[in-house]
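Asker: Here is my input; please provide its structure:
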Amino acid sequence: MIGRLRGIIQFISREQLLIDVHGVGYLVSVPASTAAHLVEGNETTLLIYTQVREDAIILYGFATQREKEVFELLNTVSGVGPKLALSVLSTLSPDSFCQAILQANLRRLTEVPGIGKRTGERLIVELKDKIAKSFVPTGLSQAVGGGSDNQVATEALEALLALGYSTLEAEEALSHVQSDGTESIETVIRRALGFLVKTGNV
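Answerer: Residues are numbered from 1 along each chain as shown. So this is what the prediction gives:
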């Protein structure tokens, strides 16, 4: 089984990339969150999940261990395969997905293409206990100064979503907001928008 690849990115699409490892090209399926941080021509290291089928061996690549863990967790749910798991990670960050499960937030889960109410409910039932035992928030809430129930973080995220940004874009921006926990919601949103403008996400 292939567990990791390090090589040169030959090309990147929204869902796949070709990585050259010592002259051998590996076609790897990746979530949008991973593809967004890669550059053609650069060397990178990807964590790999290998799916072996009767008719194919398919590689799935991830920039972080957290992404790979959530992907593998999703694949333990009946009726959820690699394609839907990638769709989850292309729509929600690992932290956002785990929080949605713990909070039984069906509205957030059904933002993912391919997840309807019934599938969302099944994800909550089958994954809530597993995630509760292992989930430690690492991104959004900590970055803007608090725990996982940080109200400013939640309201800022909702405001950016209302402005048309995706969950991934909004969370990426908020993760770069430096805060001591005393800033108003308006200040946090303004700083997040400043980051989005600077990175070209306008």
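Asker: The spatially closest residue to K130 that is not a sequence neighbour and L193: what is the separation?
Answerer: In this structure, K130 finds its nearest non-sequential neighbour in L73, 6.6 Å apart by CB to CB, 6 or more residues apart in numbering. For every residue, glycine as well, the C-beta is placed using N, CA and C. Plainly put, L73 is 33 Å away from L193 if you go by CB to CB, to the nearest Å.
Asker: who's more crowded, these two?
Answerer: Legend: neighbour count by other CB atoms under 10 Å for L73 and L193, higher for L73 (21 against 17).
Asker: Can you pull the phi and psi angles for the residue of the chain most remote from its centre?
Answerer: Here the centre of the chain is the reference, and by CA atoms, centre = their mean the most remote residue is G23, at 30.0 Å. With angles defined as degrees, to the nearest 10, G23 sits at phi 90, psi -10.
Asker: Against L123, how distant is it?
Answerer: Relative to L123, G23 is positioned 41 Å away (CB to CB).
Asker: One more: A156?
Answerer: Look at A156 and L123: by CB to CB, they are 25 Å apart.
Asker: do S87 as well
Answerer: Here the criterion is CB to CB. By it, S87 lies 12 Å from L123.
Asker: joint contacts of the two?
Answerer: Common neighbours of S87 and L123 (criterion: CB atoms under 8 Å, 6 or more residues apart in numbering): I115.
Asker: more crowded one of the two?
Answerer: A side-by-side neighbour count of S87 and L123, using other CB under 10 Å, places L123 first with 26 against 19.
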